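A.B. asks: Have a look; sequence and predicted model below, questions after that.
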Amino acid sequence: MDRRQFLKTSLVGAGMMAGLRVAGDAMAEEKAAEKPLKQGVLKLCSQDGKIPGGSLKEKAENILKFGGCGLEFGGLSVERARQIKQELTGTGVGVAALCVARFSLLHPDAAENAKGLERLKEMLTAAGEAGSTGVIVVPAFNRDPQLEGDEGRKRLLDTLPALGEHAVKCGTRVLLEPLNKGEAHFLNRLADAADICRKINSPGICLMGDFYHMCKEETDDEQAVLAADGLLHHIHLASRIRWLPGQDHLKEPDKPERSFVAGFRGLKKIGYQDYCSLECRVEGDPRVEIPKSFAFLKSEWEKATV
């Protein structure tokens, strides 16, 4: 190889190396951009019925004493939603999701399906008035009459876009909830719900995760959470036996406590900002046991290093 050819080959090689460096830098920047802009937070709350107190004000005071910062409610009228928002204003306690769940979205009877859709719209309106994270929706429980398989999936894909638009107008969301196969066989894993949400592609159609159901259906809590990145806006907390987190040993002393570390690590990685709410049996005095459970969960959060 003469000197001229050597220089030409060297310049081409240098250009290729520079190009690879630029491509590598671009990939690194893209990966950096994928990282959450916000640091994940643990906002503990509970369904309001589990918090002692003769009034909403007392419940708000108690959830703060216990170490939480939010309350989850059931079905609300628009009027009651406005009252709740007003009563909680300035307390430091927010309104998490509305746990309503049952709307017969896959009912084979058109009239029953229409009733379910109308009721869900009413709940979304109430959720917006309360400043709620969203309305929890299970498309169908096993015991419900329902369209199944591709037919049921098509029904959801046809129905959800309009519900998403209504949710956005109200300033809230539909939160699809995957359940274990013993309770529902339509949506069982977070990835199943995420797939539907991504096909709808509406900020009004998102999902939630429940650690009790995840324990039964997911092989890896962290990966399950990562699969729902950008769509996960509520969490239900329960032990393996659906008691308070940290209470498994009371019934099953020979087994380890249900760990929340992997799931919490996933929440940290996606920069999770919404509520994690108790939905479980409380064994013992809630004034004693809920603060203990919250302390256990905070410890699990600390262990979930990223």
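C.D. replies: Thanks, I have the structure now.
A.B. asks: Show me the helices in the stretch 201-306 of the chain, by range?
C.D. replies: 211-217, 221-227, 248-251, 261-269, 286-303 (DSSP state H, counting those that start in this stretch).
A.B. asks: in the stretch 101-250 of the chain, which segments are predicted with low confidence?
C.D. replies: 101 (pLDDT under 70).
A.B. asks: now the strands for it?
C.D. replies: 135-138, 174-176, 205-210, 232-237 (DSSP state E, counting those that start in this stretch).
A.B. asks: now the shortest one: how far from the chain's centre is it?
C.D. replies: The reference is to strand 174-176. 9 Å (CA atoms, centre = their mean, to the nearest Å).
A.B. asks: Equivalent analysis for the first one, please.
C.D. replies: From the chain centre to the centre of strand 135-138 is a distance of 11 Å (CA atoms, centre = their mean).
A.B. asks: so what secondary structure elements neighbour that strand?
C.D. replies: Packing contacts for strand 135-138, counted by 3 or more CB pairs under 8 Å, 6 or more residues apart in numbering; DSSP states H and E, involve strand 94-102, helix 110-130, strand 174-176. Quick note: C-beta positions are derived from backbone N, CA and C, even for glycine.
A.B. asks: List the neighbouring strands of the last one plus their orientation.
C.D. replies: With DSSP bridges as the criterion, the sheet partners recorded for strand 174-176 are strand 135-138 (parallel), strand 205-210 (parallel).
A.B. asks: Can you list the neighbours in contact with that strand?
C.D. replies: Applying CB atoms under 8 Å, 6 or more residues apart in numbering, the contact partners of strand 174-176 are 97, 120, 124, 133-139, 160, 163-164, 167, 187, 193, 196-197, 204-208, 233-234.
A.B. asks: now stretch 298-306
C.D. replies: Contacts of stretch 298-306 (CB under 8 Å, 6+ apart): 42, 44, 67, 245, 259-262, 264-265, 267-269.
A.B. asks: Can you flag the buried ones in those?
C.D. replies: By neighbour count, with 16 or more other CB atoms under 10 Å, the contacts of stretch 298-306 hold 42, 44, 67, 245, 259-262, 264-265, 267-269 as buried.
A.B. asks: May I see the residues you listed arranged in TSV, with distance to E129 as well?
C.D. replies: Below are these laid out as TSV (distance: CB to CB, whole Å):
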residue	distance to E129
L42	27
L44	24
G67	28
P245	31
S259	38
F260	32
V261	37
A262	36
F264	31
R265	35
L267	28
K268	32
K269	33
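A.B. asks: Widest-spaced pair of these?
C.D. replies: G67 and K269 (23.5 Å; CB to CB).
A.B. asks: Next, S239: phi, psi?
C.D. replies: Phi and psi for S239, reported as degrees, to the nearest 10, are phi -80, psi -180.
A.B. asks: which residues touch G131?
C.D. replies: Neighbours of G131 in contact, by CB under 8 Å, 6+ apart: 85, 94-95, 171.
A.B. asks: The residue lying closest to L56 once chain neighbours are set aside sits in which helix or strand?
C.D. replies: Of all residues not flanking L56 in the chain, E87 sits nearest, at 4.9 Å (CB to CB, 6 or more residues apart in numbering). Element membership for E87, per DSSP states H and E: helix 78-88.
A.B. asks: Now do that helix: everything it contacts.
C.D. replies: Against helix 78-88 from outside (CB under 8 Å, 6+ apart): 56-57, 60, 71, 73, 76, 94-95, 122, 125-127, 129-132.
A.B. asks: Okay, buried residues for it please.
C.D. replies: 81, 84, 88.
A.B. asks: Same list, those, but as CSV with distance to F296 please.
C.D. replies: As requested, these are exported to CSV (distance: CB to CB, whole Å):
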residue, distance to F296
A81, 32
I84, 28
L88, 26
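A.B. asks: would you list those residues in CSV and tack on distance to E148 and pLDDT?
C.D. replies: Shown next, in CSV, are the buried residues of helix 78-88 (distance: CB to CB, whole Å; pLDDT from 0 to 100):
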residue, distance to E148, pLDDT
A81, 34, 98
I84, 37, 98
L88, 41, 97
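A.B. asks: Which one of the residues you listed is nearest to R143?
C.D. replies: Out of those, the member with the shortest distance to R143 (by CB to CB) is A81, at 28.9 Å.
A.B. asks: before we move on, back to that, so which of the helices and strands packed on strand 135-138 is the most surrounded?
C.D. replies: Highest mean neighbour count among those (mean count of other CB atoms under 10 Å): strand 174-176, with a mean of 27.
A.B. asks: What is the most widely separated pair among the contacts of G131?
C.D. replies: So, the contacts of G131 by CB to CB: farthest apart are G94 and G171, at 13.8 Å.
A.B. asks: Surely L190 touches E218?
C.D. replies: Yes. Contact criterion CB atoms under 8 Å: L190 and E218 qualify, at 7.0 Å.
A.B. asks: so what sits against both of these two?
C.D. replies: A224.
A.B. asks: More neighbours: which of the two?
C.D. replies: L190 (30 against 23; other CB atoms under 10 Å).
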